[in-house]
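Asks: Sequence first, then the predicted structure, then my questions.
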Amino acid sequence: MGKDFVINEFYCNKEENVRIFAKEYLPEGINSEVNISDKREASTKNDPMAQKLPTMILCHGFGGDCDELDRECSHFASIGFAVYTFDFCGGSAPGRGGRSDGTDIKMTIRSETEDLLCIFEYIKKLSYIDNEHITFMGFSQGGFIANLAAAKCPEEVENLILVYPALCIPDHARLGCLGGASFETNVAPEKIECPNGMTLGKQFFYQASYLDPYKEMAFFKGNVLIIHGEMDEIVNCSYSVKASQSFFSANKCHIMLVRSAGHGFDDAITESLFIAVENFIAGKNELLNIQVFVTDVKNKTSENGDECTDIYFTGYCDNEYFRGAISPIGVDNQTRLPGGELKLHADYTLTGLDFEGKSCNIHIINEKKGDRFKPVALTDSKALEFINDADLTAALEGFDGGLTVRIWG
């Protein structure tokens with residue numbers, strides 16, 4: 001069960017007559033220092049004795065607004081983060097309710113990067129912000145912008161999280177298909193009318209056309225997590241694969257390719273995203289990535305009259321820690337208890353090679369405890385023996401005929 005939190009709305013002055021609307025999600029018990037009374041410029045009080053909170057800034061995508069990230073912001077605030085999100089100036093499509101000043105035709109790559117940096121400069125002054133633990137997180141075009149902004153303050157941002165980042169924007173500008181529009185590129189268009197109602201101007205086209213986001217990545221030195229759906233038809237996941245190899249320290253960049261996801265995640269994938277982000281920021285790793293395929297399902301009734309289902313499965317794991325397969329077969333015993341609760345107990349063994357190339361076995365029992373799956377693993381690998389006593393968490397992502405099991409620790 002997460003902690004209670006409060007939501008405060010405020011404005012941040014970007015420049016004269018230009019204000020950015022923002023929202024603060026703050027764990028209960030922390031006295032907010034943003035000025036919520038008149039909704040004008042927030043003011044800081046700088047209490048040196050204030051509790052320091054790890055902080056996240058979340059950026060919405062093309063044509064969206066900060067309200068679309070309420071679920072994500074609420075979740076991270078409930079586990080102890082100070083969370084901020086905002087409307088990009090001119091970055092919201094008609095009908096989306098964007099409350100920042102500015103128009104879409106004047107919105108550019110540079111202006112949105114400046115918006116994020118403006119919010120960042122403001123919150124750094126709040127006494128309860130832990131400036132040693134700042135995370136930028138962006139979705140789609142917001143991910144593209146978060147990457148550019150982090151490159152401008154590489155020593156100040158600890159973590160960068162990119163969720164299906166729209167790194168295709170420069171290519172789409174050169175190809176004449178920005179924002180889903182279609183236009184000729186031999187002459188810079190004065191206006192680009194997009195299907196979502198946004199109107200982009202010439203400067204957006206110019207800036208996007210000459211930008212190489214992969215070069216910018218070389219400046220960021222922090223930790224990077226990229227999450228992208230393999231079925232994304234708007235931004236091909238190959239852009240993220242290239243990005244994972246382009247950051248200053250590629251070994252500090254982890255990429256999660258989600259087998260069944262497109263440009264946008266359902267509830268189950270979002271839950272996996274939460275688990276990934278929590279573990280990533282805590283300095284943990286995705287130790288196993290197991291592709292599971294169902295082979296048989298048998299229903300029965302227990303001696304107590306409980307409805308039971310045995311799901312038999314096979315599968316494999318192929319990542320940096322282990323390569324091998326489920327042997328001979330795994331089984332997930334599911335029991336529907338009298339109160340309606342579903343009790344799950346998956347039991348299987350992986351046989352293969354550890355990261356030192358030595359043969360080994362990993363026996364896994366996975367059960368749900370509270371709202372999370374908490375597997376227990378036992379291995380005969382000397383290289384992987386650390387997982388025997390590790391606090392592990394599993395995330396499940398379903399696809400047609402099976403699921404992906406990600407084990408973090």
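Replies: Okay, I see it.

Asks: Only alpha carbons, please: show stretch 284-295 as CSV.
Replies: The C-alpha trace of stretch 284-295 is given here as CSV (Å, rounded to 0.1, in the frame of the first residue of the first chain):
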residue,chain,number,x,y,z
LYS,A,284,19.0,-2.9,-9.2
ASN,A,285,19.3,-4.9,-12.4
GLU,A,286,17.0,-6.9,-14.6
LEU,A,287,18.7,-10.3,-13.9
LEU,A,288,16.5,-12.6,-15.9
ASN,A,289,14.2,-12.0,-18.9
ILE,A,290,12.3,-15.2,-19.5
GLN,A,291,10.0,-15.8,-22.5
VAL,A,292,7.3,-18.2,-21.4
PHE,A,293,5.1,-20.2,-23.8
VAL,A,294,2.0,-22.1,-22.6
THR,A,295,1.8,-25.7,-23.7
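
Asks: what about the strands in the stretch 51-200 of the chain?
Replies: Listed in chain order, the strands of the stretch 51-200 of the chain (DSSP state E, counting those that start in this stretch) span residues 53-59, 82-86, 129-139, 159-163, 191-193, 199-201.

Asks: contact partners of the fourth one?
Replies: Read it as strand 159-163. 134-140, 143, 146-147, 150, 220, 222-228, 240, 243, 265, 273, 277, 280-281 (CB atoms under 8 Å, 6 or more residues apart in numbering). Quick note: C-beta positions are derived from backbone N, CA and C, even for glycine.

Asks: what's the pLDDT at Asp171?
Replies: According to the prediction, Asp171 has pLDDT 97.

Asks: any idea how this structure splits into domains?
Replies: With domains defined by automatic domain parsing, the chain comprises 5-283, 288-408.

Asks: so which of these is the most packed in?
Replies: Among the domains of the chain, the stretch with the highest mean neighbour count (mean count of other CB atoms under 10 Å) is domain 5-283, at a mean of 19.

Asks: Now the terminal residues of it, how far apart.
Replies: Distance across domain 5-283, first residue to last, is 24 Å (CA to CA, to the nearest Å).

Asks: Kindly report the same for stretch 177-186.
Replies: 13 Å.

Asks: Work out the gap between that stretch and the centre of the chain.
Replies: Relative to its chain's centre, stretch 177-186 lies at 28 Å (CA atoms, centre = their mean, to the nearest Å).

Asks: For it, give me every contacting residue.
Replies: For stretch 177-186, using CB under 8 Å, 6+ apart, the contacting residues are 62-63, 169, 172-176, 189, 192-196, 198, 200, 204-205, 208-209.

Asks: Taking strand 129-139 as reference, get the angle to the helix or strand harbouring Ala268.
Replies: Take DSSP states H and E as the rule and Ala268 turns out to sit in helix 267-281. Interaxial angle, helix 267-281 versus strand 129-139 (axes from the mean of the first three to the mean of the last three CA atoms, to 10 degrees): 140 degrees.

Asks: which residues sit against helix 267-281?
Replies: For helix 267-281, using CB under 8 Å, 6+ apart, the contacting residues are 54, 71-72, 75-76, 79, 133, 135, 137, 159, 161, 163, 223, 225, 227, 229, 254, 256, 258, 260-261, 265, 285-286, 372, 393-398, 406, 408-409.

Asks: One more: stretch 299-313?
Replies: So stretch 299-313 is contacted by 292-298, 326, 329-338, 348, 402 (CB under 8 Å, 6+ apart).

Asks: check contacts around Lys358.
Replies: For Lys358, the contacting residues are 381-383, by CB under 8 Å, 6+ apart.

Asks: got a pLDDT number for the spatially closest residue to His60 that is not a sequence neighbour?
Replies: By the measure of CB to CB, 6 or more residues apart in numbering, the closest residue to His60 outside its immediate chain neighbours is Gly142, 5.1 Å from it. You'll see Gly142 listed with a pLDDT of 98.

Asks: One more: Phe248?
Replies: For Phe248, the pLDDT comes out at 75.

Asks: Once you drop chain neighbours, what's closest to it?
Replies: Per CB to CB, 6+ apart, closest to Phe248 is Lys221, 4.9 Å.

Asks: Appreciated, that's everything.
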